[in-house]
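Novice: whatever this is, show me its structure:
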Amino acid sequence: MNSSDACHVVEGCPGVYIDAFQGHFLRQKSKNPNALFILSHYHGDHYQQLPRNFKYQGPASIHCTPITARLLKEIHEVPSHLVVSHPYGATFDYEFQLPVDSKTADTSNSHKERRQDKVKVTFYDAHHCPGACIIVLELSNGNVHVHTGDMRYNASLFRTFPRLRIAVEKNKIDCVYLDTTYSHPKHDFLPQEVAIDTIASQTQALLAKNSSDRHSNSRTLVMLSCYSIGKEKVLLESSRRCNQPVYVSAKKLRMLQCIDNNGETFVSKEDGHSISVSANEPTSTYTRDLSTSDIHVIPMGLAGEMWPFFRPNFQKIAKYVQDLDFGIVPPETEMGGASPNDAAPTSKRSSYDKVVAFIPTGWANASNWNKKNAISIKDVVIESIHGTPRTIHVEVRLVSYSEHSSFSELQAFVQYLRPRTVIPTVFSNEVDSQKIVTRFQHLLDHTKAQKAFFRTMVSKVDNAPPAQDEYMTTNNEKKPSDDSIVKHQQFCNTSPCQHDTDNDNVEITQIRSVPASEESPGNITLSHVDTLVTMGFPEQEARRCLFQCSNNMSMAIDSLLGACSVQSAEIHRTCRDAVNGTDQRGKSQKAEAFGAGKRKRSTECTQGTQITDFFQVKR
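Specialist: The predicted model follows:
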């Protein structure tokens, strides 16, 4: 995940920080007891620099799912009183103070101008690793933001999330903070269920060849590459198929025990696939006894490096087997290793003459090189316990498996949400970030961007002090005196307007209040009319829409934009029919109709062309 503030700070929600456990967020923001820190899941690139061993003192609490909470408290050793868990689907409120607008605020009364606001927060299953969540944030203005953390999009699962589904149906999704780990079209890998079946079935076939005598010299060892948290689905299904436990490190076992939640299922039934395994008895699925398992979990990176291209580590794998021959416990590492106080297993292990290491990764098909070398084989000579060299057969197999979304899945997710904007959370630099955004541009709801732009202009007008022009009035304002009107008449009748290109004399002959029958109950504010006119809308239409919308600028803009779209469609239809000659009145009449269409576009629908052209330029 990128360290840029834009990935961690939620628009319109001051005090909300997601996966922001580094830099000034930890040094400063976490000192605010009212700040809302959210950890989407327990992966190192998300908890980042969060202090271990009870050194995190907040006072800001960390909000997360129950599984992540147990990992924070028992593995990371964050003080329990600073961890707050929320189950999937439960909604909680976070209240915050809106900042004062320094341009319009009265500094002497700034404490009075700060107003309370709140956001509703809901966690849903991110389909990534145990405890991972996407975060749905519902703002008081109706907008909904979605932060995905890390996720693997699955339509049949995500469309069951109630508050997300309602926001989509109401077209309220505004910003999506998107996991863009695999945001290039080249990344298109197998569905998880297919990849799990591939690894589990191959493991089953390999171990079936082992002799029933566990002390035979002709044996195969299967290694499954795994993160500290994640890919448990592969482990569980392989264990079930082979009817034997999986050997894990002491630290990995403690993590798996944290993940266990009264039978919580790690693999859901999806899209017709029936793989479903439970972790309600992790101690029977996993073991610390080397003599009971031919399936070993190893840390990612031991069997091979994936960046910038795949390079198998035959020697490291061979060294692992050689250590087993000599009764040395497999090396414990940060990615699932044991602490110094953990007792090492002492069971003697028989020798293996063949090792197959699986690397489940989304990078398996990322390049032609990786595809070509998806199965790499080498015979390696190691030292035996008898002091003589012996040869073992080593294979490394890449399998296209990921707990992140593929590019096509990301597109499907954005298309489902139809947000105003996408904010990438994984990118190398700003240029890369912009490239990623352009790949989703055609899936965004651009009318939301237009409306957001106009509302920004409106909010500036609404927050500005009232106009001081004594000759512009509504029913609620003081009417100018007759003397002031006469003086202004005399001035206008004798002085040409300096800014009028036609040099016409301007004369005020009457100032009248708009009759109540022509106004909304709360009056049409003339500054609102002026704002709409400067935005390109005809004055008459602006007045009409303000009247119909009870002087509500946002509603009026929505109404005018809708009318503009209809008129633009009619104009394009008129021009198209004229060019195609659908009226069958001859070439001269076609040209006349085409000219009329152009004139109509330039005179009757000024707002449509101005607005459309403006956003074309902006894009």
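Novice: counting neighbours, what do you get for Met95?
Specialist: Not Met; residue 95 is Glu. Per other Cβ atoms under 10 Å, the neighbour tally for Glu95 reads 11. C-betas here are computed from N, CA, C, even on glycine.
Novice: start at 25, not 1
Specialist: From this message on, residue numbering opens at 25, which makes the last subject Glu119.
Novice: what helices and strands are in contact with the particular helix or strand that has it in it?
Specialist: Glu119 is located in strand 115-121, with elements delineated by DSSP states H and E. Strand 115-121 is packed against strand 140-149, with contacts defined by 3 or more Cβ pairs under 8 Å, 6 or more residues apart in numbering; DSSP states H and E.
Novice: between the strand it packs on and strand 115-121, how many degrees?
Specialist: Angle between the axes of strand 140-149 and strand 115-121 is 150 degrees (criterion: axes from the mean of the first three to the mean of the last three Cα atoms, to 10 degrees).
Novice: before we move on, back to that, neighbouring strands for the strand holding Glu119, and are they parallel or not?
Specialist: With DSSP bridges as the test, strand 115-121 is paired with strand 140-149 (antiparallel).
Novice: neighbouring strands - and their directions - for the next helix or strand after the strand it pairs with?
Specialist: Tracing the chain past strand 140-149, the next element assigned as helix or strand by DSSP H and E is strand 157-163. Sheet neighbours of strand 157-163, with direction, are listed as strand 140-149 (antiparallel), strand 168-171 (antiparallel) (DSSP bridges).
Novice: possible to save those as JSON lines with mean pLDDT, mean neighbour count and distance to Pro354?
Specialist: Written out in JSON lines, the entries for the strands paired with strand 157-163 read as follows (pLDDT from 0 to 100; neighbours: other Cβ atoms under 10 Å; distance: least, Cβ to Cβ, whole Å):
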{"stretch": "strand 140-149", "mean pLDDT": "95", "mean neighbour count": "19", "distance to Pro354": "32"}
{"stretch": "strand 168-171", "mean pLDDT": "98", "mean neighbour count": "24", "distance to Pro354": "37"}
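Novice: wait, which of those is closest to Val450?
Specialist: Distances from Val450 to each of these were compared by Cβ to Cβ, and the smallest falls on strand 168-171, at 12.9 Å.
Novice: neighbouring contacts of that closest one?
Specialist: Residues from elsewhere that reach strand 168-171, judged by Cβ atoms under 8 Å, 6 or more residues apart in numbering: 34-37, 42, 62, 64, 158-163, 188, 191, 196-201, 441, 443.
Novice: one step back: among the strands paired with strand 157-163, which comes closest to Phe49?
Specialist: Using Cβ to Cβ as the criterion, the shortest distance between Phe49 and the strands paired with strand 157-163 is 14.8 Å, found for strand 168-171.
Novice: and the following helix or strand past that closest one, what does it pack onto?
Specialist: Under the assignment DSSP H and E, the closest C-terminal helix or strand after strand 168-171 is helix 179-182. Contacts of helix 179-182 with other secondary structure elements, assessed using 3+ Cβ pairs under 8 Å, 6+ apart, are made with helix 431-441.
Novice: now the helix it packs on against strand 157-163, angle please.
Specialist: With the same axes, to 10 degrees applied, the angle from helix 431-441 to strand 157-163 works out at 20 degrees.
Novice: got the buried residues for helix 431-441?
Specialist: Going by neighbour count (16 or more other Cβ atoms under 10 Å), the buried part of helix 431-441 is Phe431, Glu433, Leu434, Gln435, Ala436, Phe437, Val438, Tyr440, Leu441.
Novice: for Leu106, see how far away the nearest residue to Gly68 once chain neighbours are set aside is.
Specialist: Spatial nearest neighbour of Gly68, excluding adjacent residues (Cβ to Cβ, 6 or more residues apart in numbering): Ser252 at 7.7 Å. The gap separating Ser252 from Leu106 is 22 Å, by Cβ to Cβ, to the nearest Å.
Novice: who touches whichever strand or helix holds Val258?
Specialist: Assigning secondary structure by DSSP H and E places Val258 in helix 256-266. For helix 256-266, contacts defined as Cβ under 8 Å, 6+ apart pick out 153-154, 216, 219-221, 223-225, 227-228, 231, 246, 248, 250, 269-270, 280, 283, 290-291, 299, 301, 303, 309-310, 318-319, 321, 382, 384, 425.
Novice: would you write a PyMOL line that selects the buried entries of those?
Specialist: Here is the PyMOL command that selects only those of the contacts of helix 256-266 that count as buried (16+ other Cβ under 10 Å):
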select buried, resi 153+154+216+219+220+221+223+224+227+228+231+246+248+250+269+270+280+283+290+291+299+301+303+309+310+318+319+321+382+384+425
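Novice: return the subset of the contacts of helix 256-266 lying in helices.
Specialist: The subset of the contacts of helix 256-266 located in helices under the criterion DSSP state H comprises 216, 219-221, 223-225, 227-228, 231, 280, 283, 309.
Novice: let me know the closest of these to Glu98.
Specialist: Ile283 (10.8 Å).
Novice: settle this for me: that closest one is touching Pro154, isn't it.
Specialist: Yes: applying Cβ atoms under 8 Å, one finds Ile283 in contact with Pro154, separated by 4.4 Å.
Novice: residue ranges in the chain under the pLDDT threshold?
Specialist: Low-confidence segments of the chain, defined by pLDDT under 70: 123-138, 235-241, 285-307, 355-374, 472-546, 558, 586-643.
Novice: please parse it into its domains.
Specialist: Under the assignment named as automatic domain parsing, the residue ranges that make up the domains of the chain are 29-210+432-468, 216-424, 480-490+543-642, 500-536.
Novice: how near is Asn178 to Ala150?
Specialist: In this structure, Asn178 lies at 10 Å from Ala150, with Cβ to Cβ as the measure.
Novice: more neighbours, the two?
Specialist: Under the criterion of other Cβ under 10 Å, the comparison of Asn178 against Ala150 puts Ala150 first, with 27 against 20.
Novice: list the contacts of that one.
Specialist: By Cβ under 8 Å, 6+ apart, the contact set of Ala150 is Ser64, His65, Ala156, Cys157, Ile158, Thr172, Gly173, Asp174, Met175, Arg176.
Novice: tell me the contacts of the closest residue to the last one other than its chain neighbours?
Specialist: Going back to what we said before, that points to Arg176. Take Arg176 and drop its neighbours on the chain: the residue closest to it by Cβ to Cβ, 6+ apart is His151, 4.5 Å away. Taking Cβ under 8 Å, 6+ apart as the definition of contact, the neighbours of His151 are Met175, Arg176, Tyr177, Asn178, Leu181, Phe182, Ser292, Glu427.
Novice: list the contacts of the third one.
Specialist: Which is Tyr177. With Cβ under 8 Å, 6+ apart as the criterion, the residues that contact Tyr177 are His151, Ser429, Glu433, Leu434, Ala436, Phe437.
Novice: pull out the buried residues from the helix holding Val258.
Specialist: Glu256, Lys257, Val258, Leu259, Leu260, Glu261, Ser262, Ser263, Arg265, Cys266.
Novice: measure how it sits relative to helix 216-232, angle-wise.
Specialist: Orientation check (the same axes, to 10 degrees): helix 256-266 against helix 216-232 gives 40 degrees.
Novice: the strands in the stretch 25-174 of the chain, which residues?
Specialist: For the stretch 25-174 of the chain, the strands identified by DSSP state E, counting those that start in this stretch occupy 40-42, 60-62, 86-88, 107-109, 115-121, 140-149, 157-163, 168-171, in order along the chain.
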